[in-house]
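In: model this:
(one chain, ligands or ions: 2)
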Amino acid sequence: MLGNFSYCNPTKLYFGDESLSYLKDELKKYGNKVLLVYGGGSIKKIGLYDEVINILKQANKEIFFDSGVMPNPTLEKLYEGIKIAKDNNIDFILAVGGGSVIDYSKALSASIHCKEDPWKRYYEKMLEPDCKIVPMGCVLTMVGTGSEMNGGAVITNTDKKLKIGHVFNEEVFPKFAILNPKYTYSLPHYQMVAGIFDIFSHIMEQYFSDFDDNTSDYIMEGLMNSLINSSLIANKDPLNYEARSNIMWIATWALNTLVAKGKTTDWQVHMIGQQVGAFTNATHGMTLSAVSIPYYRYILKDGLFKFKRFAINVFKVDPKNKSDEEIANEGLNCLLDYMKTLNLVLSIKDLGVKEDMIDDIANSCFCNQGGYKTLNHDDIKKILLESYNQE
Ligand code: NZQ
Ligand code: ZN
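Out: Ligands and ions are numbered 1, 2, ... in the order given. Predicted structure coming up:
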């Protein structure tokens, strides 16, 4: 391992089917005016809303509401939330939902007292906050993003057709995260597998980068092995607690900054997937699944040794009497078979992309430099076309 780094993750986790019982004690640490942030109503259907309201009342909190946070939260919605929080002088934000609700709440916590336009400061100039941060904590209901234990906050600017993530510093991480795998039981299959692929993609984005012998790569192989095992169980038996709890835990560790330490990372699949999302509002994990295989085939020769290692250590490809390229390709074939078993989206056409959008999507993508090949917009166009033409 060659990099220099510091490591700190301030989020306190409560995990398991009794984890909500810790919310009351956590709330005692913060001010009286709590903004409850949630999405389109799934938390009401599963009874979690009522439970949280009861706990807030028992803790004598004054409750304010910011609901209707949509998947792929928009800048417009963020401005709305800033107004609610400012008008009511909010002390604490409690996010109850998936990555969208949690991301949005982080963006909100850093924007309420921001002196300039938050889009400009955080998403164009990529600056850190220089204002008071309103603390936030979360109860997670959808697994995938890792937002519960990181500083990521992805916001979509619909006018500019840009979906951009800001990774905030530790001050903006959730103060606590409550992770009860049972809350994820009600997810539709489409969302469950989209989340599973989001996790897989987070790991691959950090794995397919760098040439050194790095402990993080071994940790990631373990996470991928466990994810394949548990996701295949959950795919057949969604109410399997053990599988759902493993998936929840893997998601957190895949993107809580640990495995990125001491190495470079790629994130090119996310750059392309996010722009597919900006043009279509498609489900995040599916934007990644639709472009991953074309992307990894495109860069396979540039990172051949790692794709070979991935094939052998993650998908148990037998290397005997095969060339490195054959082994590496077999690994990607196994990944594709696994994705088909989960019924993931494999073509951007199925996400609403039209052929005449491809140039604009490609040209609006960031081209990262941490992967095995630095792409230009023409490369991205080829990858998008490959996905588009996928049967
Ligand atoms: O809005 P509600 O009614 O809650 O419904 C949601 C939403 O429609 C539903 N849902 C959530 N929990 C449920 C449930 N339905 C039934 N039962 C439950 N228990 O699921 C739908 C999707 O929710 P969402 O929060 O949008 O999904 P996800 O967790 O995948 O979050 C996606 C957002 O996170 C960003 C993505 O770009 C996207 O904007 N990301 C954040 C990252 C980070 N913070 O580090 C990294 C990721 O790469 C990602 O970019
Ligand atoms: Zn993701």
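In: Straight-line length of stretch 351-370, end to end?
Out: End-to-end distance of stretch 351-370 (Cα to Cα, to the nearest Å): 27 Å.
In: In that stretch, which residues are buried?
Out: Residues of stretch 351-370 classed as buried by neighbour count (16 or more other Cβ atoms under 10 Å): 351, 353, 357-358, 361-362, 364-366, 368, 370. Yep, even glycine has a C-beta here, placed from its N, CA and C like the rest.
In: same check, this time on stretch 156-163
Out: Under the neighbour-count criterion of 16+ other Cβ under 10 Å, stretch 156-163 has 156-157, 162-163 buried.
In: one step back: next, format the buried residues of stretch 351-370 as a markdown table and append distance to K381.
Out: Shown next, in a markdown table, are these (distance: Cβ to Cβ, whole Å):
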| residue | distance to K381 |
| --- | --- |
| L351 | 17 |
| V353 | 12 |
| M357 | 11 |
| I358 | 6 |
| I361 | 8 |
| A362 | 4 |
| S364 | 12 |
| C365 | 10 |
| F366 | 15 |
| N368 | 16 |
| G370 | 21 |
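In: can I get these in JSON lines with secondary structure and pLDDT?
Out: Formatted as JSON lines, the buried residues of stretch 351-370 follow (DSSP: H, G, I helix; E, B strand; the rest coil; pLDDT from 0 to 100):
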{"residue": "L351", "secondary structure": "helix", "pLDDT": "98"}
{"residue": "V353", "secondary structure": "coil", "pLDDT": "98"}
{"residue": "M357", "secondary structure": "helix", "pLDDT": "98"}
{"residue": "I358", "secondary structure": "helix", "pLDDT": "98"}
{"residue": "I361", "secondary structure": "helix", "pLDDT": "98"}
{"residue": "A362", "secondary structure": "helix", "pLDDT": "98"}
{"residue": "S364", "secondary structure": "helix", "pLDDT": "98"}
{"residue": "C365", "secondary structure": "coil", "pLDDT": "98"}
{"residue": "F366", "secondary structure": "coil", "pLDDT": "97"}
{"residue": "N368", "secondary structure": "coil", "pLDDT": "97"}
{"residue": "G370", "secondary structure": "coil", "pLDDT": "97"}
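In: Farthest-apart pair in these, please.
Out: Largest separation among the buried residues of stretch 351-370 by Cβ to Cβ: M357 and G370, giving 26.5 Å.
In: What sits closest to the residue most central in space within the chain if chain neighbours are left out?
Out: The centroid of the chain falls nearest to T145 when counting by Cα atoms, centre = their mean (2.3 Å). Nearest non-adjacent residue to T145, counting by Cβ to Cβ, 6 or more residues apart in numbering: G99, 3.1 Å away.
In: which residues touch the residue of the stretch 101-250 of the chain found nearest ligand 1?
Out: Residue nearest to ligand 1 within the stretch 101-250 of the chain (Cβ to the nearest ligand atom): G152, separated by 2.6 Å. Residues counted as contacts of G152 (Cβ atoms under 8 Å, 6 or more residues apart in numbering) are 103, 106, 145-146, 165-168, 255.
In: What residue spans form the domains of this structure?
Out: Domain segmentation of the chain under automatic domain parsing yields 12-183, 189-388.
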